[in-house]
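A.B. asks: sequence? don't have it. structure:
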């Protein structure tokens with residue numbers, strides 16, 4: 001479902017449930033994610049789909065992986081209430097007597113009562129109700145009341161979630177549609193069609209080719225009590241997720257937009273207070289928690305698309321992702337511009353230094369990074385032609401492994417980006433004071449034992465990167481995957497050839513006619529097309545000590561927007577951070593160029609600044625990745641972001657420049673600071689047909705200004 005994030009889960013219980021679903025069910029991401037969120041949010045789920053599409057299997061797998069006790073019941077036309085809640089039995093009890101002859105009084109006084117022996121619905125934690133639309137009204141009314149109140153009589157039930165399934169209404173299944181009041185008991189409402197029904201042929205092919213044992217229900221050696229404890233902890237932590245004021249405002253605006261749409265508002269509306277003012281918040285909290293956050297983001301609003309399946313007309317539900325995104329975008333556009341940051345008196349001098357104390361990268365002292373396992377040492381060398389290149393130890397940045405419990409963030413701890421976004425949203429401000437960030441860096445707050453300064457990433461809205469994005473977008477758009485002629489491609493059309501090449505691919509009927517009566521016009525031949533690989537973009541980000549402060553925040557904002565741009569173009573992106581060491585982000589399969597944009601966002605937000613600058617190390621490594629990459633040669637780009645001259649490694653980059661030209665890689669350079677543009681960056685970008693940018697703090701405009709550098713500029 002477009003807009004909803006199914007990325008790497010940062011919650012142990014959620015990751016375990018999703019793993020169990022992924023091992024058995026191919027594709028159907030919205031079904032699996034809906035079951036997952038329902039269990040974490042303690043909400044009921046309704047799934048409609050044709051027979052054999054996996055709806056009951058998903059319910060059983062989710063219940064099994066959660067560790068909770070489950071009860072399965074196949075409802076039918078003759079379902080009785082007692083089959084669900086248990087049988088009523090006659091219980092005889094004596095009434096205690098009074099006075100001196102209590103024993104005689106008790107013997108004469110007794111009462112007969114009906115006592116209920118709890119059935120499956122009253123004792124299970126997860127109820128799987130198959131074909132709920134076939135249940136008669138007498139049984140269904142009692143069942144729905146039990147589901148809504150989670151108690152029977154005065155006794156509280158252990159029920160966590162009920163997962164109901166049904167076939168589509170229609171004569172072919174002898175099923176009547178459920179009324180809106182009944183459906184409203186289920187917060188999560190899903191409609192599935194199956195892989196064949198939605199023409200998901202790659203997934204169909206995967207199912208056909210998979211061995212039989214691959215589709216068996218997965219087993220786990222973990223004790224059920226541990227699974228239950230983890231899920232209960234996840235449920236408690238999800239309930240404590242902070243719902244930010246902006247998210248509350250966006251939810252209100254979305255309700256107003258939906259109400260004004262035809263077929264939604266008025267007497268026939270199904271936008272109940274119970275669903276959209278209570279349960280929607282719980283689902284957004286669950287979404288934030290499983291993604292490892294302690295506060296909701298505006299993007300979490302997309303979970304409402306899992307609630308509107310039967311609450312709004314089908315044509316509106318089909319556009320829910322776009323409607324929600326439009327509400328978010330309009331709110332973003334209407335947010336007030338923050339006031340300019342205050343400046344200290346000493347900064348009002350003529351030609352003051354940039355706010356991060358940029359000294360060209362030449363004055364930093366080498367930090368002790370022996371304890372940083374994600375980086376490798378690059379020895380300093382005064383020899384400009386030094387070619388010794390150390391092996392790179394990659395930082396995978398992969399989602400937590402189910403085999404290593406220590407890697408799982410079971411507590412739902414948010415990343416630095418998440419923490420800063422919470423702070424930013426709570427205060428409803430966009431830009432922090434430049435001087436406050438500089439002062440914090442000067443004081444050395446957040447210093448770690450290895451000497452690296454921890455940079456708390458923020459969700460600052462940075463409106464000064466459009467100059468970079470505007471130029472890169474035109475070049476990156478050429479990197480979109482395109483269909484090109486190929487002998488091994490899919491047949492798309494016919495054409496008349498001019499020669500006898502590939503005569504075996506010609507139309508057989510026309511070949512027979514042509515052999516009987518040869519003419520100058522050759523038989524038609526199949527025109528085969530294949531979608532080739534898209535282009536690639538590598539982002540190299542300087543994280544030396546001089547980048548500490550406001551420039552770290554600005555560089556992060558630029559990197560995040562470039563990832564968004566790559567996501568729009570479905571382009572593979574690689575990300576490296578460098579100083580005198582190298583941090584290369586790779587996926588679980590050791591791939592550097594990836595489309596796992598959530599992984600890139602996470603790594604971009606966790607930058608640490610230390611050490612000095614080395615140009616050779618990141619360029620040589622990223623060019624080696626381009627050499628083994630299968631992306632189109634004319635759609636390869638590097639954005640090299642730095643604020644200082646290299647103080648270690650080769651400083652002329654002769655070999656790296658020649659390799660970039662050979663591989664067809666365009667190196668776009670962005671230099672931060674007001675000092676003269678480094679000659680090495682000029683030569684690197686000009687030789688590879690790249691673009692040169694400069695970012696500098698303008699004290700007159702009181703903002704960061706980005707310009708595209710032209711030949712002759714300083």
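C.D. replies: Looks like it came in fine. Since this is a predicted model, take the numbers as computed values, not measurements.

A.B. asks: CA only for contacts and neighbour counts going forward, please
C.D. replies: Fine.

A.B. asks: Am I right that residue 496 is in contact with residue 527?
C.D. replies: No - assessed by Cα atoms under 8 Å, residue 496 is found out of contact with residue 527, at 9.4 Å.

A.B. asks: Neighbour count: these two, which is higher?
C.D. replies: Under the criterion of other Cα atoms under 10 Å, the comparison of residue 496 against residue 527 puts residue 527 first, with 19 against 13.

A.B. asks: helix, strand or coil for that one?
C.D. replies: For residue 527, the secondary structure call by DSSP: H, G, I helix; E, B strand; the rest coil comes out as strand.

A.B. asks: From residue 494, how far off is it?
C.D. replies: According to Cα to Cα, to the nearest Å, residue 527 and residue 494 sit 5 Å apart.

A.B. asks: ok, now how distant is residue 291 from residue 592?
C.D. replies: From residue 291 to residue 592 the distance is 23 Å (Cα to Cα).

A.B. asks: Neighbour count for the two, which is higher?
C.D. replies: residue 291 (26 against 23).

A.B. asks: what pLDDT does that one get?
C.D. replies: If you check residue 291, the pLDDT there is 88.

A.B. asks: surely it meets residue 14?
C.D. replies: No - using Cα under 8 Å as the test, residue 291 is too far from residue 14 to be in contact (9.3 Å).

A.B. asks: does residue 706 count as helix, strand or coil?
C.D. replies: When the rule is three-state DSSP, residue 706 gets the label strand.

A.B. asks: Bridged to it, which residues?
C.D. replies: Beta-bridge partners of residue 706, counted by DSSP bridges, are residue 695.

A.B. asks: Show the end-to-end separation of stretch 72-89, please.
C.D. replies: 23 Å.

A.B. asks: ok, which stretches of the stretch 151-300 of the chain are helices?
C.D. replies: 180-183, 194-197, 201-209, 224-239, 245-259, 273, 280-290 (DSSP state H, counting those that start in this stretch).

A.B. asks: highest average neighbour count across the ones you listed?
C.D. replies: Ranked by mean neighbour count under mean count of other Cα atoms under 10 Å, the helices of the stretch 151-300 of the chain are led by helix 280-290, which reaches a mean of 28.

A.B. asks: Quick check: which helices or strands does that one pack against?
C.D. replies: In terms of contacts (3 or more Cα pairs under 8 Å, 6 or more residues apart in numbering; DSSP states H and E), helix 280-290 is packed against helix 29-41, helix 224-239.

A.B. asks: Need the residues that contact it.
C.D. replies: For helix 280-290, the external contacting residues (Cα atoms under 8 Å, 6 or more residues apart in numbering) are 9-11, 14, 37-38, 40-41, 187, 234-235, 237-243, 294-297, 300-301, 303-304, 307, 412.

A.B. asks: okay, and for the stretch 251-400 of the chain, where does confidence drop off?
C.D. replies: 266-269, 336-400 (pLDDT under 70).

A.B. asks: next one: the stretch 451-600 of the chain
C.D. replies: 451-467, 469-490, 492, 501-503, 530-534.

A.B. asks: Now do the helices in it.
C.D. replies: With DSSP H, counting those that start in this stretch, the ranges of helices along the stretch 451-600 of the chain come out as 466-476, 508-516, 550-568, 597-604.

A.B. asks: What are the buried residues along the last one?
C.D. replies: Of the residues in helix 597-604, those with enough neighbours to count as buried (16 or more other Cα atoms under 10 Å) are 597, 599, 600, 601, 602, 603, 604.

A.B. asks: Contact partners for the fourth one?
C.D. replies: For residue 601, the contacting residues are 560, 563, by Cα under 8 Å, 6+ apart.

A.B. asks: ok, it to residue 622 distance?
C.D. replies: 19 Å.

A.B. asks: How about the third one?
C.D. replies: Residue 600 sits 16 Å away from residue 622, taking Cα to Cα as the criterion.

A.B. asks: Tell me the one of the buried residues of helix 597-604 nearest residue 538?
C.D. replies: Nearest to residue 538 among the buried residues of helix 597-604: residue 600, at 11.4 Å, using Cα to Cα.

A.B. asks: wait, that closest one sits on residue 572?
C.D. replies: No - using Cα under 8 Å as the test, residue 600 is too far from residue 572 to be in contact (10.9 Å).

A.B. asks: coming back round to it: just the buried residues of helix 597-604 now: which is nearest residue 71?
C.D. replies: When the buried residues of helix 597-604 are compared against residue 71 (criterion: Cα to Cα), the nearest one is residue 599, at 37.7 Å.

A.B. asks: quick one, what contacts residue 510?
C.D. replies: 523, 524.

A.B. asks: Same check on residue 163?
C.D. replies: With Cα under 8 Å, 6+ apart, residue 163 has these contacts: 44, 45, 46, 47, 59, 126, 127, 128, 129.
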